[in-house]
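Undergrad: attaching a predicted model along with its sequence, questions to come.
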Amino acid sequence: MKKAACFVTGISLAVCLSAPAAAVWDMDYSERMIECALAGNRERGLLYERLRSAKIDALELDERYVAYDELVLLAQVIHTEAGSSWLPDKWRMAVGEVVLNRVASPEFPDTLEEVVFQPGQYSAADRGWFEVLIPFRSCVEAAFRLLSGERVLNDPSVVFQSGGKQGSSVALELHDSIYGSVYFCRSSRPELY
């Protein structure tokens, strides 16, 4: 099993054979991916993504695969939209969930990157800025939880988040003394969900 895992992940066989099997499978690759996102280490983050996926497959774990690049991109959006340290995790989770709801929605593009960089949607989503933006830990952790399947809104029709009401109805209103109210709203076409 150890040789097969090394082959699947693209890790040098010599490295795998020098590590005890338990060390390979006991490592928390999710946390390692988060640490790489915080350090801006894409190469290592992609390695831990492959190791985590191989571990899920080899041990038949009931966990979702998480792509490192999607983790970073979602964390960056959360950072720019709700990264302030005083905001609660629920706020960060709701922001990220709206992004993922858009990816799944027939009303928006089909990939995370297309949704994030869709003109007129996320004003701080600038490719040049995102190339150097290192998101806060709370944003990366929220992104990982969301990509792993956790939800706070639990409503796929919530595809809008803004300072004003829009769409067919408000699913959640969050208020902050600095930002004011932010509304998480359902699509104008609820029949699609």
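TA: Now that the structure is in, tell me what you want to look at. Numbers count the residues shown, from 1 in each chain.

Undergrad: state the helix or strand in which the most centrally placed residue in the chain lies.
TA: Against the mean C-alpha coordinate of the chain, by Cα atoms, centre = their mean, the closest residue is Ala143 at 3.2 Å. For Ala143, the element it lies in under DSSP states H and E is helix 137-147.

Undergrad: touching, the residue nearest to the centre of the chain and Leu71? I think so.
TA: Yes: Ala143 lies in contact with Leu71 (Cβ atoms under 8 Å); the separation is 5.4 Å. Yep, even glycine has a C-beta here, placed from its N, CA and C like the rest.

Undergrad: for the nearest residue to Gln121 once chain neighbours are set aside, what are its contacts?
TA: The shortest distance from Gln121 to any non-neighbouring residue, by Cβ to Cβ, 6 or more residues apart in numbering, is to Val115 (7.3 Å). By Cβ atoms under 8 Å, 6 or more residues apart in numbering, Val115 lies in contact with 99, 102-103, 108-109, 121.

Undergrad: Cys185 versus Val115, what's the distance?
TA: From Val115 across to Cys185, the span is 16 Å (Cβ to Cβ, to the nearest Å).

Undergrad: what of Glu150?
TA: Using Cβ to Cβ, Glu150 is found at 21 Å from Cys185.

Undergrad: so the two - more neighbours on which side?
TA: Between Glu150 and Cys185, Cys185 has the larger neighbour count (other Cβ atoms under 10 Å), namely 22 against 13.

Undergrad: kindly present the contacts of Val115 as JSON lines, with separate columns for pLDDT and secondary structure.
TA: Listed next are these as JSON lines, based on pLDDT from 0 to 100; DSSP: H, G, I helix; E, B strand; the rest coil:
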{"residue": "Val99", "pLDDT": "98", "secondary structure": "helix"}
{"residue": "Arg102", "pLDDT": "98", "secondary structure": "helix"}
{"residue": "Val103", "pLDDT": "98", "secondary structure": "helix"}
{"residue": "Phe108", "pLDDT": "97", "secondary structure": "coil"}
{"residue": "Pro109", "pLDDT": "97", "secondary structure": "coil"}
{"residue": "Gln121", "pLDDT": "91", "secondary structure": "coil"}
